[in-house]
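A.B. asks: Structure, please.
(one chain, ligands or ions: 1)
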Amino acid sequence: MEIVVSGIRSTGNLHLGNYFGAIRNFVKMQEANHCYFFIADYHSLTTHPTPADLHNSVKTVLVEFLACGLDPEKSTLYIQSDVPAVAELYLLLNMNAYVGELERCTSFKEKIRTMPNNVNAGLLTYPTLMAADIIIHKAHKVPVGKDQEQHLEMTRTFAGRFNRMYDVDYFPEPVAYNFGEELVKIPGLDGGQKMSKSDNENSAIFLADSPEAIRKKVMKAVTDAGPTEPNQPKPQPIENIFQLMQAFSAPDTFSHFSNLYNRCEIRYGDMKKQLAEDIISYTTPFREKMETLANDEAYLGKVARMGAEKARESASRTIREVREIIGFKEM
Ligand code: TYM
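C.D. replies: I've put the predicted structure just below:
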(Lines give C-alpha, C1' and ligand atoms only; values in the text may rest on other atoms or scores of the structure.)
Protein backbone atom coordinates (compact mmCIF):
# COMPACT_ATOMS: atom_id res chain seq x y z
CA MET A 1 0.00 0.00 0.00
CA GLU A 2 1.37 3.43 -0.92
CA ILE A 3 1.81 6.22 1.59
CA VAL A 4 0.11 9.50 0.77
CA VAL A 5 0.72 12.78 2.60
CA SER A 6 -0.64 16.27 2.02
CA GLY A 7 -1.54 19.45 3.88
CA ILE A 8 -3.42 22.73 3.69
CA ARG A 9 -2.40 25.93 5.46
CA SER A 10 -4.74 27.12 8.18
CA THR A 11 -5.23 30.64 6.89
CA GLY A 12 -9.03 30.63 6.74
CA ASN A 13 -11.81 29.00 4.76
CA LEU A 14 -11.09 26.62 1.90
CA HIS A 15 -11.79 27.87 -1.62
CA LEU A 16 -12.61 26.09 -4.85
CA GLY A 17 -8.91 26.00 -5.79
CA ASN A 18 -8.04 24.10 -2.60
CA TYR A 19 -10.94 21.74 -3.17
CA PHE A 20 -10.30 20.99 -6.81
CA GLY A 21 -6.51 21.02 -6.62
CA ALA A 22 -6.17 19.00 -3.44
CA ILE A 23 -9.07 17.86 -1.26
CA ARG A 24 -11.06 16.16 -4.00
CA ASN A 25 -8.00 13.96 -4.50
CA PHE A 26 -7.55 13.36 -0.77
CA VAL A 27 -11.08 11.95 -0.66
CA LYS A 28 -10.46 9.63 -3.62
CA MET A 29 -7.07 8.50 -2.35
CA GLN A 30 -8.15 7.56 1.15
CA GLU A 31 -9.90 4.46 -0.20
CA ALA A 32 -6.85 2.50 -1.28
CA ASN A 33 -3.80 4.11 0.31
CA HIS A 34 -2.28 4.80 3.68
CA CYS A 35 -3.12 8.51 3.96
CA TYR A 36 -1.97 11.34 6.24
CA PHE A 37 -3.73 14.69 5.75
CA PHE A 38 -2.90 17.59 8.00
CA ILE A 39 -3.60 21.23 8.73
CA ALA A 40 -0.38 23.22 8.32
CA ASP A 41 -0.60 25.66 11.22
CA TYR A 42 3.19 26.10 11.55
CA HIS A 43 3.28 27.12 7.88
CA SER A 44 0.50 29.66 8.40
CA LEU A 45 2.81 31.61 10.74
CA THR A 46 5.10 32.48 7.81
CA THR A 47 2.44 34.89 6.52
CA HIS A 48 0.26 35.37 9.60
CA PRO A 49 2.84 35.73 12.44
CA THR A 50 0.19 36.87 14.93
CA PRO A 51 -2.98 35.28 13.58
CA ALA A 52 -6.16 36.80 14.92
CA ASP A 53 -7.31 33.39 16.02
CA LEU A 54 -5.04 30.46 15.28
CA HIS A 55 -7.25 27.94 17.03
CA ASN A 56 -10.40 28.93 15.14
CA SER A 57 -8.63 28.90 11.77
CA VAL A 58 -7.47 25.35 12.45
CA LYS A 59 -10.96 24.33 13.55
CA THR A 60 -12.46 25.83 10.37
CA VAL A 61 -10.20 23.72 8.17
CA LEU A 62 -10.87 20.58 10.21
CA VAL A 63 -14.64 21.09 9.84
CA GLU A 64 -14.22 21.65 6.11
CA PHE A 65 -12.01 18.55 5.71
CA LEU A 66 -14.72 16.43 7.29
CA ALA A 67 -17.54 18.11 5.35
CA CYS A 68 -15.70 17.37 2.09
CA GLY A 69 -15.69 13.67 2.91
CA LEU A 70 -12.39 12.98 4.62
CA ASP A 71 -12.95 10.06 6.94
CA PRO A 72 -10.91 9.92 10.17
CA GLU A 73 -11.30 6.14 10.22
CA LYS A 74 -9.76 5.77 6.76
CA SER A 75 -7.14 8.56 6.84
CA THR A 76 -5.00 10.04 9.58
CA LEU A 77 -6.28 13.62 9.91
CA TYR A 78 -4.12 15.78 12.15
CA ILE A 79 -2.82 19.20 13.02
CA GLN A 80 0.83 19.81 12.12
CA SER A 81 1.78 21.39 15.47
CA ASP A 82 0.47 18.30 17.31
CA VAL A 83 3.45 16.41 15.89
CA PRO A 84 6.67 18.03 17.17
CA ALA A 85 8.84 15.41 15.43
CA VAL A 86 8.09 17.37 12.22
CA ALA A 87 9.87 20.39 13.71
CA GLU A 88 12.90 18.25 14.59
CA LEU A 89 13.15 16.80 11.10
CA TYR A 90 12.80 20.35 9.70
CA LEU A 91 15.79 21.42 11.82
CA LEU A 92 17.87 18.47 10.63
CA LEU A 93 16.96 19.01 6.95
CA ASN A 94 17.85 22.70 7.24
CA MET A 95 21.46 21.71 7.99
CA ASN A 96 21.71 20.28 4.48
CA ALA A 97 19.57 22.85 2.63
CA TYR A 98 21.46 25.66 0.90
CA VAL A 99 20.44 29.30 1.06
CA GLY A 100 21.02 29.65 -2.70
CA GLU A 101 18.53 26.94 -3.64
CA LEU A 102 15.96 28.24 -1.13
CA GLU A 103 16.31 31.78 -2.48
CA ARG A 104 15.66 30.56 -6.01
CA CYS A 105 12.28 29.12 -5.07
CA THR A 106 9.47 30.88 -6.99
CA SER A 107 7.13 31.12 -4.01
CA PHE A 108 9.88 32.80 -1.94
CA LYS A 109 10.59 35.33 -4.70
CA GLU A 110 6.89 36.08 -4.92
CA LYS A 111 6.65 36.65 -1.17
CA ILE A 112 9.61 39.08 -1.30
CA ARG A 113 7.59 41.02 -3.85
CA THR A 114 4.20 40.85 -2.10
CA MET A 115 5.21 41.17 1.55
CA PRO A 116 8.56 43.04 1.58
CA ASN A 117 8.15 44.03 5.25
CA ASN A 118 8.09 40.47 6.54
CA VAL A 119 10.69 38.40 4.66
CA ASN A 120 11.26 36.02 7.57
CA ALA A 121 13.49 32.93 7.80
CA GLY A 122 10.35 30.78 7.95
CA LEU A 123 9.46 31.93 4.43
CA LEU A 124 12.96 31.12 3.18
CA THR A 125 12.87 27.65 4.75
CA TYR A 126 9.20 27.00 3.87
CA PRO A 127 10.28 24.20 1.45
CA THR A 128 12.31 22.37 4.10
CA LEU A 129 9.37 22.39 6.53
CA MET A 130 7.16 21.12 3.73
CA ALA A 131 9.70 18.40 2.90
CA ALA A 132 9.76 17.42 6.60
CA ASP A 133 5.93 17.15 6.58
CA ILE A 134 6.08 14.79 3.64
CA ILE A 135 9.06 12.59 4.35
CA ILE A 136 8.33 12.23 8.08
CA HIS A 137 5.82 9.55 6.99
CA LYS A 138 8.08 8.34 4.12
CA ALA A 139 5.42 9.35 1.57
CA HIS A 140 5.30 8.16 -2.04
CA LYS A 141 2.55 10.43 -3.37
CA VAL A 142 1.51 13.99 -2.54
CA PRO A 143 -1.85 15.21 -3.91
CA VAL A 144 -1.43 18.96 -4.56
CA GLY A 145 -2.30 21.66 -7.07
CA LYS A 146 0.06 22.79 -9.80
CA ASP A 147 1.45 25.66 -7.71
CA GLN A 148 3.15 23.16 -5.38
CA GLU A 149 5.13 21.34 -8.09
CA GLN A 150 8.40 23.14 -7.34
CA HIS A 151 8.08 22.43 -3.61
CA LEU A 152 7.75 18.74 -4.42
CA GLU A 153 10.85 18.90 -6.59
CA MET A 154 12.72 20.40 -3.64
CA THR A 155 11.36 17.68 -1.36
CA ARG A 156 12.89 15.09 -3.69
CA THR A 157 16.16 17.00 -3.63
CA PHE A 158 16.25 17.00 0.19
CA ALA A 159 15.21 13.36 0.49
CA GLY A 160 17.76 12.23 -2.11
CA ARG A 161 20.49 14.35 -0.53
CA PHE A 162 19.83 12.81 2.89
CA ASN A 163 20.11 9.32 1.41
CA ARG A 164 23.39 10.17 -0.33
CA MET A 165 24.94 12.09 2.56
CA TYR A 166 24.38 9.27 5.02
CA ASP A 167 24.78 6.52 2.43
CA VAL A 168 21.37 4.97 3.05
CA ASP A 169 18.31 4.14 1.02
CA TYR A 170 15.94 5.52 3.62
CA PHE A 171 13.56 8.18 2.24
CA PRO A 172 11.50 7.52 -0.90
CA GLU A 173 11.46 10.45 -3.38
CA PRO A 174 7.78 11.50 -3.42
CA VAL A 175 5.85 12.80 -6.44
CA ALA A 176 3.14 15.45 -6.79
CA TYR A 177 -0.02 13.62 -7.73
CA ASN A 178 -3.48 14.27 -9.12
CA PHE A 179 -5.30 10.99 -9.38
CA GLY A 180 -3.98 9.95 -12.76
CA GLU A 181 -4.38 13.36 -14.37
CA GLU A 182 -2.32 16.53 -14.84
CA LEU A 183 -1.95 18.76 -11.79
CA VAL A 184 -4.63 21.46 -11.86
CA LYS A 185 -4.73 25.19 -11.33
CA ILE A 186 -8.15 26.75 -10.73
CA PRO A 187 -8.10 30.37 -11.96
CA GLY A 188 -9.33 33.44 -10.08
CA LEU A 189 -12.43 35.51 -10.80
CA ASP A 190 -10.35 38.69 -10.92
CA GLY A 191 -8.65 37.72 -14.19
CA GLY A 192 -5.62 36.29 -12.33
CA GLN A 193 -4.26 32.87 -13.24
CA LYS A 194 -4.74 31.30 -9.81
CA MET A 195 -7.65 31.42 -7.39
CA SER A 196 -6.13 32.59 -4.14
CA LYS A 197 -7.53 34.20 -1.06
CA SER A 198 -4.62 36.54 -0.48
CA ASP A 199 -4.54 38.43 -3.79
CA ASN A 200 -8.02 39.86 -3.87
CA GLU A 201 -11.05 38.98 -1.79
CA ASN A 202 -13.20 38.76 -4.92
CA SER A 203 -10.83 36.32 -6.62
CA ALA A 204 -11.87 33.34 -4.53
CA ILE A 205 -15.12 31.50 -3.96
CA PHE A 206 -15.14 29.67 -0.64
CA LEU A 207 -16.89 26.37 0.00
CA ALA A 208 -18.61 28.16 2.89
CA ASP A 209 -19.93 31.04 0.73
CA SER A 210 -23.71 31.51 0.66
CA PRO A 211 -25.55 31.24 -2.68
CA GLU A 212 -26.01 35.05 -2.69
CA ALA A 213 -22.28 35.61 -2.11
CA ILE A 214 -21.42 33.19 -4.93
CA ARG A 215 -23.83 34.89 -7.37
CA LYS A 216 -22.43 38.30 -6.49
CA LYS A 217 -18.79 37.26 -6.92
CA VAL A 218 -19.35 35.39 -10.19
CA MET A 219 -21.41 38.22 -11.71
CA LYS A 220 -18.54 40.62 -10.86
CA ALA A 221 -15.91 38.38 -12.53
CA VAL A 222 -13.81 40.25 -15.07
CA THR A 223 -14.95 39.93 -18.72
CA ASP A 224 -14.69 42.08 -21.86
CA ALA A 225 -16.84 43.31 -24.76
CA GLY A 226 -16.80 39.86 -26.37
CA PRO A 227 -15.12 38.35 -29.45
CA THR A 228 -15.34 40.20 -32.74
CA GLU A 229 -14.24 37.35 -35.02
CA PRO A 230 -15.18 33.65 -35.06
CA ASN A 231 -12.87 31.28 -33.15
CA GLN A 232 -10.84 34.11 -31.65
CA PRO A 233 -8.31 33.09 -28.94
CA LYS A 234 -9.63 33.88 -25.45
CA PRO A 235 -8.00 36.59 -23.33
CA GLN A 236 -6.95 35.37 -19.84
CA PRO A 237 -10.04 36.57 -17.87
CA ILE A 238 -12.39 34.92 -20.39
CA GLU A 239 -10.30 31.76 -20.47
CA ASN A 240 -10.68 31.72 -16.66
CA ILE A 241 -14.49 31.74 -16.81
CA PHE A 242 -14.38 28.88 -19.32
CA GLN A 243 -11.95 26.92 -17.14
CA LEU A 244 -14.24 27.34 -14.14
CA MET A 245 -17.17 26.20 -16.22
CA GLN A 246 -15.21 23.17 -17.36
CA ALA A 247 -14.55 22.26 -13.72
CA PHE A 248 -18.01 22.90 -12.26
CA SER A 249 -20.63 22.66 -15.04
CA ALA A 250 -21.87 19.74 -17.12
CA PRO A 251 -19.86 19.02 -20.31
CA ASP A 252 -22.77 20.01 -22.59
CA THR A 253 -23.14 23.36 -20.80
CA PHE A 254 -19.44 23.98 -21.39
CA SER A 255 -19.68 23.12 -25.09
CA HIS A 256 -22.86 25.20 -25.49
CA PHE A 257 -21.07 28.35 -24.27
CA SER A 258 -17.86 27.48 -26.19
CA ASN A 259 -19.90 27.29 -29.40
CA LEU A 260 -21.58 30.62 -28.66
CA TYR A 261 -18.14 32.16 -28.08
CA ASN A 262 -16.79 30.76 -31.33
CA ARG A 263 -19.79 32.16 -33.23
CA CYS A 264 -19.40 35.59 -31.50
CA GLU A 265 -22.87 35.17 -29.98
CA ILE A 266 -21.82 34.84 -26.37
CA ARG A 267 -23.49 36.89 -23.64
CA TYR A 268 -21.24 36.78 -20.60
CA GLY A 269 -24.11 37.71 -18.27
CA ASP A 270 -25.94 34.48 -19.22
CA MET A 271 -22.77 32.43 -18.95
CA LYS A 272 -21.94 33.80 -15.49
CA LYS A 273 -25.50 33.21 -14.26
CA GLN A 274 -25.25 29.58 -15.32
CA LEU A 275 -21.78 29.18 -13.81
CA ALA A 276 -22.92 30.66 -10.48
CA GLU A 277 -25.85 28.22 -10.27
CA ASP A 278 -23.59 25.26 -11.11
CA ILE A 279 -21.08 26.27 -8.44
CA ILE A 280 -23.91 26.68 -5.92
CA SER A 281 -25.20 23.16 -6.66
CA TYR A 282 -21.67 21.86 -6.23
CA THR A 283 -20.93 23.56 -2.90
CA THR A 284 -24.34 23.46 -1.17
CA PRO A 285 -24.01 19.91 0.26
CA PHE A 286 -20.59 20.82 1.70
CA ARG A 287 -21.87 24.04 3.24
CA GLU A 288 -24.76 22.25 4.89
CA LYS A 289 -22.48 19.63 6.44
CA MET A 290 -20.09 22.32 7.67
CA GLU A 291 -22.89 24.08 9.51
CA THR A 292 -23.75 20.89 11.42
CA LEU A 293 -20.17 19.84 12.13
CA ALA A 294 -19.04 23.25 13.38
CA ASN A 295 -21.22 22.85 16.47
CA ASP A 296 -19.97 19.39 17.37
CA GLU A 297 -16.95 20.33 19.49
CA ALA A 298 -16.78 16.92 21.14
CA TYR A 299 -16.51 15.09 17.81
CA LEU A 300 -13.93 17.56 16.44
CA GLY A 301 -11.80 17.12 19.57
CA LYS A 302 -12.01 13.34 19.24
CA VAL A 303 -10.96 13.45 15.58
CA ALA A 304 -7.99 15.73 16.33
CA ARG A 305 -6.76 13.58 19.24
CA MET A 306 -7.11 10.36 17.29
CA GLY A 307 -5.21 11.84 14.32
CA ALA A 308 -2.47 13.29 16.53
CA GLU A 309 -1.88 9.93 18.13
CA LYS A 310 -1.60 8.05 14.82
CA ALA A 311 0.58 10.74 13.20
CA ARG A 312 2.91 10.92 16.21
CA GLU A 313 3.42 7.19 16.12
CA SER A 314 4.57 7.21 12.50
CA ALA A 315 6.60 10.45 12.92
CA SER A 316 8.46 9.37 16.04
CA ARG A 317 9.46 6.10 14.38
CA THR A 318 11.02 8.08 11.51
CA ILE A 319 12.77 10.59 13.75
CA ARG A 320 14.21 7.79 15.90
CA GLU A 321 15.64 6.12 12.80
CA VAL A 322 16.90 9.41 11.37
CA ARG A 323 18.73 10.23 14.60
CA GLU A 324 20.34 6.83 14.48
CA ILE A 325 21.36 7.24 10.83
CA ILE A 326 22.93 10.65 11.50
CA GLY A 327 24.75 9.28 14.53
CA PHE A 328 23.08 10.76 17.62
CA LYS A 329 23.59 8.31 20.49
CA GLU A 330 22.47 8.21 24.08
CA MET A 331 25.33 8.78 26.57
P1 TYM B 1 -2.17 25.97 0.35
O2 TYM B 1 -2.72 25.99 1.72
O3 TYM B 1 -1.83 27.25 -0.32
O4 TYM B 1 -3.12 25.20 -0.61
C5 TYM B 1 -3.56 23.91 -0.28
C6 TYM B 1 -3.69 23.06 -1.52
O7 TYM B 1 -4.61 23.66 -2.43
C8 TYM B 1 -4.00 23.77 -3.69
N9 TYM B 1 -4.44 25.00 -4.37
C10 TYM B 1 -4.87 25.05 -5.62
N11 TYM B 1 -5.00 24.08 -6.55
C12 TYM B 1 -5.49 24.44 -7.75
N13 TYM B 1 -5.85 25.71 -8.07
C14 TYM B 1 -5.73 26.71 -7.17
N15 TYM B 1 -6.10 27.96 -7.47
C16 TYM B 1 -5.21 26.41 -5.87
N17 TYM B 1 -4.97 27.13 -4.76
C18 TYM B 1 -4.49 26.24 -3.83
C19 TYM B 1 -2.50 23.84 -3.43
O20 TYM B 1 -1.78 23.41 -4.57
C21 TYM B 1 -2.37 22.88 -2.27
O22 TYM B 1 -2.29 21.55 -2.74
N23 TYM B 1 2.50 24.56 0.98
C24 TYM B 1 1.15 24.08 0.96
C25 TYM B 1 0.69 23.45 2.28
C26 TYM B 1 1.58 22.36 2.74
C27 TYM B 1 1.74 21.08 2.14
C28 TYM B 1 2.69 20.40 2.94
C29 TYM B 1 1.14 20.46 1.03
C30 TYM B 1 2.40 22.41 3.82
N31 TYM B 1 3.08 21.23 3.94
C32 TYM B 1 3.07 19.09 2.64
C33 TYM B 1 1.55 19.16 0.75
C34 TYM B 1 2.49 18.48 1.54
C35 TYM B 1 0.26 25.27 0.68
O36 TYM B 1 0.62 26.38 0.88
O37 TYM B 1 -0.94 24.97 0.31
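A.B. asks: Measure how far stretch 80-98 is from the centre of its chain, please.
C.D. replies: Taking the mean C-alpha point of stretch 80-98 and that of its whole chain, the gap between them comes to 20 Å (C-alpha atoms, centre = their mean, to the nearest Å).
A.B. asks: cool, and stretch 68-83?
C.D. replies: If you compare the mean C-alpha spot of stretch 68-83 with that of the full chain, they lie 14 Å apart, counting by C-alpha atoms, centre = their mean.
A.B. asks: Use 30 as the first number for this chain going forward.
C.D. replies: Yes, from this point I'll number from 30; that puts the last item at stretch 97-112.
A.B. asks: as a whole number, average confidence for it?
C.D. replies: Along stretch 97-112, the predicted local confidence has a mean pLDDT of 98.
A.B. asks: need the longest helix for this protein.
C.D. replies: When every helix of the chain is counted residue by residue (DSSP state H), the longest turns out to be helix 326-355.
A.B. asks: does the ligand sit close to that helix?
C.D. replies: No. Interface with the ligand: helix 326-355 contributes nothing (C-beta under 6 Å from any ligand atom), its closest point being 12.7 Å away. (Each C-beta comes from the backbone N, C-alpha and C, glycine too.)
A.B. asks: Kindly report the same for stretch 70-78.
C.D. replies: Yes. In terms of C-beta under 6 Å from any ligand atom, part of stretch 70-78 sits within range of the ligand, namely H72.
A.B. asks: any chance you could map the helices in the stretch 30-179 of the chain?
C.D. replies: With DSSP state H, counting those that start in this stretch as the definition, the stretch 30-179 of the chain shows helices at residue ranges 45-47, 53-58, 70-73, 83-96, 114-123, 128-132, 135-143, 150-153, 155-164, 178-194.
A.B. asks: Mind putting the ones you listed into TSV with distance to E350 and mean neighbour count?
C.D. replies: Converted to TSV, the helices of the stretch 30-179 of the chain look like this (distance: least, C-beta to C-beta, whole Å; neighbours: other C-beta atoms under 10 Å):
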stretch	distance to E350	mean neighbour count
helix 45-47	33	24
helix 53-58	25	20
helix 70-73	22	22
helix 83-96	29	20
helix 114-123	11	19
helix 128-132	25	11
helix 135-143	30	13
helix 150-153	26	16
helix 155-164	12	25
helix 178-194	11	18
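A.B. asks: Enumerate the residues of the chain near the ligand.
C.D. replies: On the criterion C-beta under 6 Å from any ligand atom, the ligand has as its neighbours in the chain the residues 34-38, 46-47, 49-51, 69, 72, 159, 162-163, 171, 173-174, 176-177, 180, 213-215, 223-225.
A.B. asks: Poorly predicted segments of the stretch 80-229 of the chain, please.
C.D. replies: In the predicted model of the stretch 80-229 of the chain, residues 228-229 satisfy pLDDT under 70.
A.B. asks: Tell me which residue of it lies closest to the ligand.
C.D. replies: Of all residues in the stretch 80-229 of the chain, the one sitting closest to the ligand is G174 (2.2 Å; C-beta to the nearest ligand atom).
A.B. asks: gap between the residue lying closest to that residue once chain neighbours are set aside and A305?
C.D. replies: Among residues not flanking G174 along the chain, G50 sits closest, at 2.7 Å (C-beta to C-beta, 6 or more residues apart in numbering). G50 sits 21 Å away from A305 when distances are taken as C-beta to C-beta, to the nearest Å.
A.B. asks: quick one: which of these two has more around it?
C.D. replies: In this comparison of G50 against A305, neighbours counted by other C-beta atoms under 10 Å, the higher total goes to G50 at 24 against 21.
A.B. asks: residue contacts, the more buried one?
C.D. replies: Residues in contact with G50 (C-beta atoms under 8 Å, 6 or more residues apart in numbering) are V173, G174, K175, D176, N207, L212, V213, K214, I215.
A.B. asks: Dump these into TSV; add distance to K245 and neighbour count as well.
C.D. replies: Below are the contacts of G50 laid out as TSV (distance: C-beta to C-beta, whole Å; neighbours: other C-beta atoms under 10 Å):
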residue	distance to K245	neighbour count
V173	30	23
G174	25	20
K175	28	17
D176	26	18
N207	30	19
L212	30	17
V213	25	18
K214	24	16
I215	19	24
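A.B. asks: Which members of these occur in strands, if any?
C.D. replies: Among the contacts of G50, no member falls in strands (DSSP state E).
A.B. asks: Including distance to T186, could these go into JSON lines?
C.D. replies: As requested, those are exported to JSON lines (distance: C-beta to C-beta, whole Å):
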{"residue": "V173", "distance to T186": "16"}
{"residue": "G174", "distance to T186": "20"}
{"residue": "K175", "distance to T186": "19"}
{"residue": "D176", "distance to T186": "18"}
{"residue": "N207", "distance to T186": "21"}
{"residue": "L212", "distance to T186": "18"}
{"residue": "V213", "distance to T186": "24"}
{"residue": "K214", "distance to T186": "23"}
{"residue": "I215", "distance to T186": "27"}
